[in-house]
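>>> Quick one: sequence and predicted model below, then my questions.
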Amino acid sequence: MTTLVIFFHVLLGLTLIGLVLIQHGKGADAGAAFGSGSSGTVFGARGATTFFQKLTSWLIAAFFGTSLLLAYVIDASHNVGSVVDSRAPTEQSDVPARQDRPADVPAVSGAQESQPGSDVPSVQ
């Protein structure tokens, strides 16, 4: 549903851009009085302007409606809750947890620790 609303929203936006670009500004009415060619339109000299203005206002209302609908749909799809209530994910190390030594293995003193892969203790 969200994809459909977003598609319709973008289509409305592009249509609005096109309608606004093809409309004449307020200063173009003076040029129409001297025969600039707008009197030969399908809607008449004044009809095209009011038709495009009405169509633009309806499209603006639909664009506003889809904006509100998108805000509602996207907000409803998220989980409600606080960030404080959520717990941070625990990090899992690649190193296995330290296990206690078995009773038959003697502890090595701090001065003589063995290197990995070596049977002979090294002195630091």
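Received, thanks.
>>> Which other helices and strands does the top helix by length along the chain contact?
Secondary structure assigned by DSSP state H gives helix 47-77 as the longest helix of the chain. The contact analysis (3 or more CB pairs under 8 Å, 6 or more residues apart in numbering; DSSP states H and E) places helix 47-77 against helix 2-22. The C-beta positions use only the backbone N, C-alpha and C, and glycine is treated the same way.
>>> what residue ranges in this structure score low on pLDDT?
Across the chain, residues meeting the criterion (pLDDT under 70) sit at 26-49, 79-83, 85-103, 105-124.
>>> Grab the nearest non-local neighbour of Thr2.
Distance criterion CB to CB, 6 or more residues apart in numbering; nearest residue to Thr2, sequence neighbours excluded, is Val73 at 5.4 Å.
>>> Compute the number of surrounding residues for the nearest residue to Gly13 once chain neighbours are set aside.
Nearest residue to Gly13 in three dimensions, chain neighbours excluded: Phe63, at 6.4 Å (CB to CB, 6+ apart). Neighbourhood size, Phe63 [other CB atoms under 10 Å]: 16.
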